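Undergrad: Quick check, what structure comes out for this input:
(2 chains)
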There are 2 protein chains.
Amino acid sequence: MKKHYLTLSIIVLISSVIKAQSDSAMIRKIYTEALSNGKSYSNLDYLVNRIGGRLSGSPEAQKAVDWAFKAMKEAGADTVFLQECMVPHWVRGQKEVGKVITSNSKGIKEVPVCALGGSVATPAEGISAPVIEVMGVEGLQKLKRADVEGKIVFFNEPMDPTFIETFHAYGKAVNQRWAGASAAAKLGALAVVVRSCTLVQDDNPHTGVMGYKDSINKIPACAISTNAANWLSTYLKKDKDLKFFLKMNCETLAEEKSYNVVGEVWGSEKKNEYIVVGGHLDSWDNGKGAHDDGAGVVQSIEVLRIYKAMGLKPKRTIRAVAFMNEENGGRGGKKYAELAKLKNEKHIAAIESDAGGFSPRGFSSDVTPEVKTKLKSWKQLFEPYGVYNFDRNGSGSDIEPLADMGVSCLELMPDSQRYFDYHHTSIDTFDAVNKRELELGGAAMAALVWMISQHGL
Amino acid sequence: MKKHYLTLSIIVLISSVIKAQSDSAMIRKIYTEALSNGKSYSNLDYLVNRIGGRLSGSPEAQKAVDWAFKAMKEAGADTVFLQECMVPHWVRGQKEVGKVITSNSKGIKEVPVCALGGSVATPAEGISAPVIEVMGVEGLQKLKRADVEGKIVFFNEPMDPTFIETFHAYGKAVNQRWAGASAAAKLGALAVVVRSCTLVQDDNPHTGVMGYKDSINKIPACAISTNAANWLSTYLKKDKDLKFFLKMNCETLAEEKSYNVVGEVWGSEKKNEYIVVGGHLDSWDNGKGAHDDGAGVVQSIEVLRIYKAMGLKPKRTIRAVAFMNEENGGRGGKKYAELAKLKNEKHIAAIESDAGGFSPRGFSSDVTPEVKTKLKSWKQLFEPYGVYNFDRNGSGSDIEPLADMGVSCLELMPDSQRYFDYHHTSIDTFDAVNKRELELGGAAMAALVWMISQHGL
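TA: Okay, the predicted model is just below:
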């Protein structure tokens, strides 16, 4: 009996060594394909330079849907289909105007501002009011109504540069953008001006979604560039009675019909088990959505292309999903999960790429401890490719509704240092993306999909 | 007795836990200082934008020496001094001209070329000759004299995109740049045109040093952009008898006197034990030497600044060295080692930064297995900062002469994906460097210096 156990153990050991070797060789082949024949960069060129900014409900968003359908077909998907969903339709209108007017009315300085997504307009003639500067919503809450009433609140909490991961700094500072307007309106403010969420000092205002509390008066909300924010803060100390002038005519129109685009490479053994790779197709209107999130979309399509070009037969079905409306509503992500539930689809995992097309460093995940352990056991297969971190928690916002249903959700984790230089600005353009960094992200996703497809999760 | 051993063991264990905690806290403080008050970016701005390209022997190189001296003083160095060395003085002369002339002489296309560093000039009227394309020096060696004689050899081996580390691809392809001219001259070639060492397709020729074998006729050598190289290769297939016209008037002048710049923060316990941090001050003349190697110089100066600004007292002396002449001679590195030997200085370690100011991923090292083990035992202290790789072998070329003397030599290992986009070109400029990525490199070096200073190596 003992002898049999020993033989069995040796067989198991040898077979697991062979399996690891063949996974390692397969991952090497996937990277070779991605770096030699990658199409993600030329796809991004088209999406970003031919279509451009593509906010939900816009004609450009519809063009992006049509393009993604075609791109998935060209990648060789076994099938491509659309998932209809209704999306908010907010439009920026004419270029916003922000000015600082000295208390003696002699000096006027125009400053770079842009409406936050979802904001109401100012009256047609604009708003002009004294300014009160605060550090975040917490800072505001230390004030009384008399300090704030009739004024424009200037939220000037900077992102903290000492965080190593810039997303952590963003997470800490972004609340004033999201919740500042209603918090200020509650105290009688007329509008809010919010310091851009970025770690660089420059002249680009960063937009981004904001929300209103139902019971509170809606007031206009804009972002101001970090250079202008610093200048305003300094100048306010000299001239407390200066006024800020703001004019915006953004508005929320009726909801529009839009779509997620879904492409599949069918599984050879378990066709009805799905592994999702995805990014979001919509982007803010002021830039071209190259890093956010053209990158994630073209990387997801690239996963399909790699499998078809290499003739790989994954055991389970791979679904690339170009989600609609991540930026200001998340309707696409919700619709995807709703349909998955309705059809009782078995999802093994979902991997989002929505942190920019930078050099990948790992995958964060929102999974059980057992699944985390399994993911970490694959770490050594990925380390030769600079993908070493499987420890972090978290996944993408488009797949959050899947995570809520218990699906193992992950996110590609690229180097985060440059992301907020471009995020939600006019400089989120094609030339900000490096071809190899983009390709390595798609390769990492394709390789992880291989592991999940063959070994489950 | 047993009880005493147990007590002793507990004391040792507790003290080592406390030590690790205090190292961890110190590293956190170093990063906070670097990311909050860093001066490396503004220093780089000055070096790159006010002084610019600074090839050895040029007036700009002398300006860079003066600047580095001042910058180290301003960083608070306890002392700053110069080390004199003689350096080669090669000058590019007028803008090079490269043209492809069709065999019927009707079509002429100008292509982007630049002289390789150290090349001789063409005759004043230029050289015009048929072209033979080869893949590297190996490809050339398959040919006979009759295939090559009287021709211009076009070395067109591309960098292999499937390597994950771009330096590995560079290492494989660069031989045709270094050794191509003499190999071609040996077979009677008149000149060589070498595909630029880069993984991008663009119009920037990449210069870099080349060498001649003493006994062989010296022929002119230039780099051609990758776009032009691909075009030439394609066009050659249609028109085998086309001619390439090359005109360059570069020349090697008499050697010049130059300097390494050395700044110290004195050790509190072992002042005569040195830890070197360094980069090279010289750069190619066609760009501004931002990544190569302005970054390494300002990061090294930043190490001094961090220690002085924080009031840290390292046990051993830290020396920041701005080496002269890495690009075309390595005289500064040799001089430093020569003087260290002459003065019998005890060097504990040397860390170079010469792989660009990108997001750091680790430190490579050229050390004994015992030292490697010690370095790897510190890995967990650095992982929270994205610095996870202590496995790789290798160090910087300026400190190679120290390595030859048995000093433990290391190199900061940043993400390598973008380096060869800029390397030795006109686009190696300030705007190609990200502030945070640069600062994280200086912080990583300062943190590693702390560990070595306190615990030896």
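Undergrad: Now name the helix or strand holding the residue lying closest to residue A:161 once chain neighbours are set aside.
TA: Using Cβ to Cβ, 6 or more residues apart in numbering or on different chains and skipping the chain neighbours, the partner closest in space to residue A:161 is residue B:35 (4.6 Å). Using the backbone N, CA and C atoms, a C-beta is placed for each residue, glycine as well. For residue B:35, the enclosing helix or strand under DSSP states H and E is helix B:2-37.
Undergrad: how about the helices of the stretch 251-400 of chain A, start to end?
TA: Listed in chain order, the helices of the stretch 251-400 of chain A (DSSP state H, counting those that start in this stretch) span A:295-310, A:331-342, A:369-377, A:379-382, A:400-404.
Undergrad: actually the stretch 51-200 of chain A, not the one I typed
TA: A:59-74, A:136-140, A:145-148, A:166-173, A:175-186.
Undergrad: which stretch among those helices comes nearest chain B?
TA: helix A:166-173 (7.7 Å; Cβ to the nearest Cβ).
Undergrad: from the chain's centre, how far out does that closest one sit?
TA: 14 Å (Cα atoms, centre = their mean, to the nearest Å).
Undergrad: repeat for stretch A:243-257
TA: Using Cα atoms, centre = their mean, the offset of stretch A:243-257 from its chain centre is 23 Å.
Undergrad: rewinding a little: buried set for the helix or strand that the helix holding residue B:35 is followed by?
TA: Per DSSP H and E, the first helix or strand lying C-terminal to helix B:2-37 is helix B:40-45. Within helix B:40-45, the residues that count as buried by 16 or more other Cβ atoms under 10 Å in any protein chain shown are B:40, B:41, B:43, B:44, B:45.
Undergrad: what's the answer for stretch A:254-266, then?
TA: Applying 16+ other Cβ under 10 Å to stretch A:254-266 flags A:256, A:258, A:259, A:260, A:261, A:262, A:263, A:264, A:265 as buried.
Undergrad: Ok, stretch A:271-282 next?
TA: Residues A:273, A:274, A:275, A:276, A:277, A:278, A:279, A:280, A:281, A:282 are the ones in stretch A:271-282 that count as buried (16+ other Cβ under 10 Å).
Undergrad: right, and the second one touches residue A:314 too?
TA: No. Using Cβ atoms under 8 Å as the test, residue A:274 is too far from residue A:314 to be in contact (10.8 Å).
Undergrad: What pLDDT is listed against residue A:443?
TA: Residue A:443 carries a pLDDT value of 98.
Undergrad: Not including adjacent chain positions, what is the nearest residue to it?
TA: residue A:34 (3.6 Å).
Undergrad: Measure how buried that neighbour is and give me the count.
TA: By other Cβ atoms under 10 Å in any protein chain shown, 31 other residues sit near residue A:34.
Undergrad: tell me the pLDDT at it?
TA: Taking residue A:34 on its own, its pLDDT is 98.
Undergrad: That one contacts residue A:437, doesn't it?
TA: No. Counting by Cβ under 8 Å, residue A:34 does not reach residue A:437; the two are 11.8 Å apart.
Undergrad: what about stretch A:321-330, how long is it end to end?
TA: Across stretch A:321-330, the terminal residues are separated by 14 Å (Cα to Cα, to the nearest Å).
Undergrad: same check, this time on stretch A:182-191
TA: Termini of stretch A:182-191 sit 10 Å apart (Cα to Cα).
Undergrad: Just grab the bridge partners of residue A:195 for me.
TA: residue A:224 (DSSP bridges).
Undergrad: and residue A:412, helix, strand or coil?
TA: Residue A:412 falls in the strand class when you classify it by DSSP: H, G, I helix; E, B strand; the rest coil.
Undergrad: Tell me which residues touch it, please.
TA: Applying Cβ atoms under 8 Å, 6 or more residues apart in numbering or on different chains, we find residue A:412 in contact with A:296, A:299, A:351, A:352, A:353, A:355, A:360, A:363, A:441, A:444, A:445.
Undergrad: for residue A:56, same thing?
TA: Contacts here follow Cβ under 8 Å, 6+ apart; on that basis residue A:56 touches A:87-90, A:256, A:258, A:282, A:324-325, A:327-329, A:331.
Undergrad: Among the residues you listed, which one sits closest to residue B:113?
TA: residue A:282 (44.7 Å; Cβ to Cβ).
Undergrad: For that closest one, which non-adjacent residue is spatially closest?
TA: Nearest one to residue A:282, counting by Cβ to Cβ, 6+ apart, is residue A:56 at 4.8 Å.
Undergrad: repeat for residue A:289
TA: residue A:283 (2.3 Å).
Undergrad: So for chain A, the centremost residue is which one?
TA: With distances taken as Cα atoms, centre = their mean, residue A:354 lies nearest the centre of chain A, 3.9 Å away.
Undergrad: Surely that residue touches residue A:280?
TA: Yes. Counting by Cβ under 8 Å, residue A:354 does reach residue A:280; the two are 6.2 Å apart.
Undergrad: where do the contact lists of the two overlap?
TA: Common neighbours of residue A:354 and residue A:280 (criterion: Cβ under 8 Å, 6+ apart): A:293, A:296, A:326, A:398.
Undergrad: just those now: which is nearest chain B?
TA: residue A:296 (17.9 Å).
Undergrad: Pull up the gap between the residue lying closest to that closest one once chain neighbours are set aside and chain B, please.
TA: Of all residues not flanking residue A:296 in the chain, residue A:279 sits nearest, at 2.1 Å (Cβ to Cβ, 6+ apart). Per Cβ to the nearest Cβ, to the nearest Å, residue A:279 is found 20 Å from chain B.
Undergrad: In contact with the residue nearest to residue A:443, which residues are there?
TA: So residue A:34 contacts A:302, A:306, A:439, A:440, A:442, A:443, A:446 (Cβ under 8 Å, 6+ apart).
Undergrad: Ok, residue A:43 next?
TA: A:71, A:298, A:301, A:302.
Undergrad: ok, so what distance separates it from chain B?
TA: With Cβ to the nearest Cβ as the criterion, residue A:43 and chain B are 16 Å apart.
Undergrad: Residue A:411 now?
TA: In terms of Cβ to the nearest Cβ, residue A:411 sits 17 Å off from chain B.
Undergrad: Hmm, residue A:396 and that residue touching each other?
TA: Yes. Assessed by Cβ under 8 Å, residue A:411 is found in contact with residue A:396 at 4.7 Å.
Undergrad: higher neighbour count, those two?
TA: More crowded of residue A:411 and residue A:396, by other Cβ under 10 Å: residue A:396, with 28 against 24.
Undergrad: can you pull the contacts of the residue nearest to residue A:296?
TA: A:293-300, A:322-323, A:352-354, A:398.
Undergrad: quick check, nearest of those residues to chain B?
TA: Nearest member of the contacts of residue A:279 to chain B, counting by Cβ to the nearest Cβ, is residue A:295, at 14.0 Å.
Undergrad: What about the closest one, how many residues nearby?
TA: 32.
Undergrad: do residue A:345 as well
TA: 16.
Undergrad: swap in residue A:133?
TA: Residue A:133: 18 neighbours (other Cβ under 10 Å).
Undergrad: Show the contacting residues for it.
TA: Neighbours of residue A:133 in contact, by Cβ under 8 Å, 6+ apart: A:154, A:156, A:232, A:233, A:236.
Undergrad: Need the max-distance pair from the residues you listed.
TA: It's A:156 and A:236 that sit farthest apart of these, by Cβ to Cβ, at 9.4 Å.
Undergrad: picking that back up, just the buried residues of the contacts of residue A:133.
TA: A:154, A:156, A:232, A:236.
Undergrad: any idea which of these is the one closest to chain B?
TA: Nearest member of these to chain B, counting by Cβ to the nearest Cβ, is residue A:156, at 17.3 Å.
Undergrad: Relative to residue A:344, how far out is the residue lying closest to the closest one once chain neighbours are set aside?
TA: Leaving aside its sequence neighbours, residue A:156 sits nearest to residue A:195 (Cβ to Cβ, 6+ apart; 4.8 Å). Distance of residue A:195 to residue A:344, given as Cβ to Cβ, to the nearest Å: 47 Å.
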